[in-house]
Structures are given as C-alpha cells and as structure tokens.
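**Q** Sequence and predicted structure are below.
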Amino acid sequence: MRHTKIIATVGPASDSEPILDALIAAGTDIFRLNFSHGTHDSHAATFARVRAASQRAGREVAILQDLSGPKIRTGLLEGGKAIALAPGDAITIGTGDVVGGPGRLFTTFEGLARNVRPGDRLLLADGRVELRVGSTDGTTIQATVVEGGEIGEHKGINAPGVPLPASAVTAKDAEDLKFGLALGVDMVALSFVQTAADLYHARRLMAGAGDGVPLIAKLERPLALEHLGEILDACEAVMVARGDLGLEMPLEGVPRAQKEITRVARRRGIPVIVATQVLESMTAEARPTRAEVNDAANAVEDGVDVIMLAGETAAGAYPVRAVQTLDAIIRDAEASPMHPVTVRTLESAHDNHAHALCEAAVTLADRSAAQAIIAVTRGGTTARWLSALRPRSPIIAVTEREDTGRRLALHWGVVPLCMPIGDTLGDASARIGAQLVARGLLSAGAITVFVSISADPGRRDANFLKIHRL
C-alpha cells in the first residue's frame, strides 16, 4: 500500500466523468476545488461528479475546498487581451474595478498602492514579470518594467517585503466557505495564513455547519514561518504552498523552509501537504524532469503526508499520467531504507493514555510482523494518532461514518473502511476481519493488531487493544 497521499486539482482538463474515474483509478486520494476560479454553480456540479466517481470506484475519496484568500490580482483588460511589457516600459497600476489596457493595470486590492514605497519590487504572473515602483500616491502606482512578458487578466501580484495587513479571510472567502460547508466539503484550506488569528477567524465562521471539518493552513508568506508554532496549534494540517512562498521570500530559502515546516509539524503529529510545481513540466510534457522526480521523492523521504498536483491535473495535457507518475515516484521512494521510520514520541501527546495505547499498538505490530493495524474509530482520532507515529504496518481505519473515512484521506498510511461496527469491539473483530478479506485489503490468516482509543474510559468499547488473526 502507498502511504503518502495524492491531491489532484480539478479544472478544465479533468472535470469530466471519464477523467475523474481515471484519476481515482490512478491513485488520487483527495480532489481539490480551487475557489480562486469558477462559480458556485460550477463547483457544485464538480462536487457532484466527484462524489459519483468516488461511489463508482467504491473508495472514500475526499473533496478539499481551497479558498482564494487575499490574493492580489490584476483586473480585467480591454477585449480580454493580454498586454506585452518590455524592459524599461512605464506602467501604472491603479486601484479599483476598472478595465485596463496597454500601459495600465488595475487591482481591487486597495492596500497595495497604500503600502508600497519607491524602490519596492512587484512580481506579476508567478514572478515571470518584475516591476520596480517609482512612486505612489496611495491609489496609483507608477512603475518601470525590469523583466518583461505578457500579462493577462486575474494574474497574481506579489510584493516581497511589503507589509500587507490583510486578514486571510476575505468577504468572498466567507461566502465561499458558507457555500462549501453547505455542499459538504470534507476539508477546507485557508490561503495566506500569517498568524493563528486567521485560523480562529475561519473557525468562528465554520461553527455549526463546519464542526469536525479539518482546517488546513496554507503557508505562503514569511510571517507565517515566524508564527509556525501557534499556527500548528490552531489547525489540523499545513500546506507548504511553494508558489507564493517562493515569491515572498528569497527563492533559495524555500527548500529549507519546507524541511523545517515538515520537521516541526511531524513532531506535533500535524499532517503536511507539499504543493506547487511538483511535476510542473507535465502540464505540457508526457514525462517530468529528473529534478521534479527527485523533488517529489525527497518530500516522501522527509515524511510529508500528502503531495498535491495543481496545474498538472487542472489544466495540463496529461492529468491522469501525472497522477500515475507521482504514484510511481512515491511507491519507489517509500521502498527506500531512507523512508521515515516509526516516531516514538509526539510533542502534542496531551492525552497520555491514548498516546500510550497507540504506541503499544505500533510496538505489537512491529514485534508480531502484523500485516496491518486496524484502527476502529468513529471520529478518526485513533487513526490520526497512529498515522502520526508512522508505523511500518499500514493502518486500516474502520469507521461507521463516511465523513470520517473521507477526512482520513489527509493522513499518511491510513486506508478507510466504512462499515457497521456495533456496540462491542470484541464481537466486531470477526465481522471486520471478514470484510477486510472480502474486499481484498488483507488475506485470510493475516496477523493484525486491533486498537481503539477513547477519552472516556467508562465506555464499554474504550481503549481496546489485541492481536487478532483473520
């Protein structure tokens, strides 16, 4: 079984029943809906197609809502036509919802013109175009082109080193979040998180409709690295969003930042997602570069939980092949002796008896050469603890709740199995074992370790641990 999970972004190249079916067959665990693009109607239609494809495949495939956040973007252009910028050209960037054209761009982000200073750099379209600020009057920026190129509508603008005191939750995000939770998304990613306050704001908006929905903090600005500890305390997972992070900080610092985030989050048992340009060349080519393969394999060896494909599956020429390629890279990297070994201690182990029981389950599995650890869980806590400990044996999470099964797609090494459990785990062991064999997850006669934890020791099925032969 593959331990490291795969996210595929849905877009024009993949938003059809045949491609979604093929992407699931290729190994997609989570589909990402990017709310920077599309409408509520289009996302609802995609959501329904993904759910139907998941049902056809008989797999618990999750859906991630990725909120756009306070991304600074260029506005509309005359006729929708991109404008060409050459080095030395003068360009103005105004504030407002106004149509731009040759020599002028607009953005609705009011804080940009107010906060830049002469000499500041502006990076447009993922850094392909660079401008140097000459002056600003608080509403209009006069700049000079340093590195030229074409600029189209809705292209990102980054201002490295410029303080932009904006909440990570915009008015659009609040509306999108309300819509996504009503739709039934399995997890939510919050863009441009800088402090824990951003996450608490989102959590308040999720109260009621979003109870139990994992919140993922996207780390895209250097300030987030300074507040990493508090951010990890306030979320269920983090995403190393290398695209904007690589524009907001020196590019050479991104690999070190990725490794540090992974190291600190793993110590706390918080899942880590690595995103952006993983197999970027496969948007146009049938094969990735050697450097891309090495990058993905290194992420696996560092112990990340999930690797995300963005443009490769959303707009690329080879969406299914990109997932197949990433699946093969992960499997080979996981076969290496460098693959992460079992973690014995977690800094976030506040519930000592639960942590100890999961540690005991991992030890039993190692000593008995168990083919799997069966985590019997209702809310997913048992499976999440086990995943954080990185056992050698795969973790099969048996749950009665489909939403729990889908949310566990975020966690390393966890394979969800939804089925009735009953009142007594001891009596359910044989029934669960029969299902595991019937579905081809394990073979008859396999040695397994059954475990379940509960914060309430008074429950009949609380804190259960045994070795069981199927």
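**A** Alright, I've got the coordinates.
**Q** Alpha carbons of the least confident helix or strand in the chain by mean pLDDT, in CSV - could you do that?
**A** Within the chain, judged by mean pLDDT, DSSP states H and E, the helix or strand with the poorest mean is helix 425-438; its value is a mean of 81. As requested, the backbone C-alpha atoms of helix 425-438 are provided in CSV (Å, rounded to 0.1, in the frame of the first residue of the first chain):
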residue,chain,number,x,y,z
LEU,A,425,-15.4,-4.1,19.5
GLY,A,426,-14.5,-7.6,20.7
ASP,A,427,-17.6,-9.0,19.0
ALA,A,428,-17.0,-6.9,15.9
SER,A,429,-13.4,-8.2,15.2
ALA,A,430,-14.5,-11.2,13.3
ARG,A,431,-17.0,-9.2,11.3
ILE,A,432,-14.5,-6.6,10.4
GLY,A,433,-11.9,-9.3,9.5
ALA,A,434,-14.3,-10.9,7.1
GLN,A,435,-14.9,-7.5,5.4
LEU,A,436,-11.1,-6.9,5.1
VAL,A,437,-10.7,-10.3,3.4
ALA,A,438,-13.8,-9.9,1.2
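**Q** Give me the contacts around it.
**A** Where contact means Cβ atoms under 8 Å, 6 or more residues apart in numbering, the residues beyond helix 425-438 that reach it are 372, 374, 376, 396, 398, 417, 419, 421-422, 442-444, 448, 450, 452, 461, 464, 466, 468, 470. Quick note: C-beta positions are derived from backbone N, CA and C, even for glycine.
**Q** Pull out the buried residues from that helix.
**A** L425, A428, S429, I432, G433, Q435, L436 (16 or more other Cβ atoms under 10 Å).
**Q** Then stretch 389-409?
**A** Of the residues in stretch 389-409, 389-391, 393-399, 401, 403-409 count as buried by neighbour count, 16+ other Cβ under 10 Å.
**Q** Break the chain into its domains for me.
**A** 5-69+166-334, 78-158, 352-469 (automatic domain parsing).
**Q** where exactly do the strands run in the stretch 151-300 of the chain?
**A** Ranges of strands within the stretch 151-300 of the chain are 157-158, 187-190, 215-219, 237-241, 272-275, based on DSSP state E, counting those that start in this stretch.
**Q** sorry, back to before: now for the domains of the chain, which one comes closest to L346?
**A** Set against L346 and scored by Cβ to Cβ, the domains of the chain come closest in domain 5-69+166-334, at 4.6 Å.
**Q** in the stretch 101-250 of the chain, which ranges drop under the pLDDT threshold?
**A** For the stretch 101-250 of the chain, the stretches with pLDDT under 70 are 165.
**Q** ranges for the helices of it?
**A** Counting by DSSP state H, counting those that start in this stretch, residue ranges of the helices within the stretch 101-250 of the chain are 111-115, 171-183, 196-206, 222-226, 228-233, 242-248.
**Q** Quickly compare those helices and say which is most buried.
**A** With neighbours defined by mean count of other Cβ atoms under 10 Å, none of the helices of the stretch 101-250 of the chain is more surrounded on average than helix 242-248, at a mean of 21.
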